[in-house]
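> 3D model of this:
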Amino acid sequence: MNKTLRAILLASLLCTPALSTAQSITLIANTWSPYVDQNLPQQGMALELVEHVYRRAGYEPSVSIESWPRAMEGVKVGLFDVLAATWYVESREEDFVYSKPYLVNSLKMIKLTSLQGDYFEMSHLEGKRVGVLQDYAYGVDFANVPGLTLVTENHLIQNLLNLLNDKVDFVIGDERSLAMQLSSYLNRERGKFSYVDIDLPSRSLYIAASRDTKAGKKLVTDFNAALLETLNDGSYKAIIDKWNQRYGLALEEFPATP
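This is a model prediction of the structure:
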């Protein structure tokens, strides 16, 4: 083999990318803007974070976005590997292994600015109507408020329109979700809304895998380890800051270690 041909072959080998050894995994989540939304960059904030962490752990994730019941059932029976964005509910622990939390959801309640009165305790909602979302575990004890009516919708924008149309008195939601919906769909009416000074519990966001699959526990363990790496190298914060700036938020975020 002459020197020229040998040099060409050597250059070709050096330029050929190495075969990927990353293990493929399937993620599933339900639409929940801005966390999960196929119309947003990287399909939403939560999916960008989870995919970033799993790639750090040596996996190559693919994503499906389905309804919430289908997402839960799909992971539970092993059709998908990981539920990418879920709140912790104790009753689900018999079916799912939860990761360490990777994001904090700050719950807020809003009303029309024109609604007069003092509202800074849950008891002040007596006899009122509150817009909530189907299947959301808010961690709020609505049952202890006399005469409170919960008006359930499938989408947050429906609740906000109900508020404008006097079908509810208050709407409860995640702060980023509220900011996005108001900015995207009701920007001209933003001045008509105001926050209510009722302290609501924050909710932590997790990934979860099925307890009935052999790989479930390892997928969670590997996620936790890689999450810590992204917290320490600044890449986690960079993603958070990008999304908060997108909607004009400056939320206090996750601590330095999970």
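
> Low-confidence ranges, the protein, go.
1-20, 248-258 (pLDDT under 70).

> biggest helix in it, by residue count?
If you go by DSSP state H, the chain has its longest helix at helix 216-233.

> Could you give me the buried positions within whichever helix or strand comes after it?
Next along the chain after helix 216-233, taking DSSP states H and E as the criterion, comes helix 235-246. Neighbour-count burial for helix 235-246, counted by 16 or more other CB atoms under 10 Å, picks out 236, 239-240, 243-244, 246. Quick note: C-beta positions are derived from backbone N, CA and C, even for glycine.

> Run the chain-centre distance for helix 235-246.
14 Å (CA atoms, centre = their mean, to the nearest Å).

> Give me the angle between that helix and helix 216-233.
Between helix 235-246 and helix 216-233, the angle comes out at 80 degrees (axes from the mean of the first three to the mean of the last three CA atoms, to 10 degrees).

> by contact count, what packs against helix 235-246?
If contacts are counted by 3 or more CB pairs under 8 Å, 6 or more residues apart in numbering; DSSP states H and E, helix 235-246 sits against helix 45-56, helix 216-233.

> and residue 130, what is it in contact with?
By CB atoms under 8 Å, 6 or more residues apart in numbering, the contact set of residue 130 is 109, 142, 148-151, 168-172.

> where exactly do the strands run in the stretch 51-200 of the chain?
In the stretch 51-200 of the chain, strands defined by DSSP state E, counting those that start in this stretch lie at 59-65, 82-87, 96-98, 103-105, 107-112, 129-133, 149-153, 170-174, 193-195, listed in chain order.

> Paired strands for the longest one, with orientation please.
Same thing as strand 59-65. strand 23-29 (parallel) (DSSP bridges).

> Just the CA coordinates for the strand it pairs with, please, in PDB.
Once non-C-alpha atoms are left out, strand 23-29 reads as follows in PDB (Å, rounded to 0.1, in the frame of the first residue of the first chain):
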ATOM      1  CA  GLN A  23     -28.600   3.200  25.800                       C
ATOM      2  CA  SER A  24     -31.900   4.200  24.300                       C
ATOM      3  CA  ILE A  25     -34.800   5.000  26.800                       C
ATOM      4  CA  THR A  26     -38.300   6.200  26.300                       C
ATOM      5  CA  LEU A  27     -39.700   9.100  28.200                       C
ATOM      6  CA  ILE A  28     -43.400  10.000  28.300                       C
ATOM      7  CA  ALA A  29     -45.200  13.100  29.700                       C
END
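
> hang on, residue 27 packs against residue 65?
No: taking CB atoms under 8 Å as the definition, residue 27 is not a contact partner of residue 65, at 9.4 Å.

> Comparing those two, which residue is more hemmed in?
Neighbour count, other CB atoms under 10 Å: between residue 27 and residue 65, residue 27 has more, with 26 against 18.

> From residue 103, how far out is that one?
For residue 27, the distance to residue 103 equals 15 Å [CB to CB, to the nearest Å].

> contacting residues around the closest residue to residue 122 other than its chain neighbours?
Once flanking residues are discounted, residue 122 sits nearest to residue 145: 5.6 Å by CB to CB, 6 or more residues apart in numbering. Residue 145 makes contacts with 122-123, 125-126, as judged by CB under 8 Å, 6+ apart.
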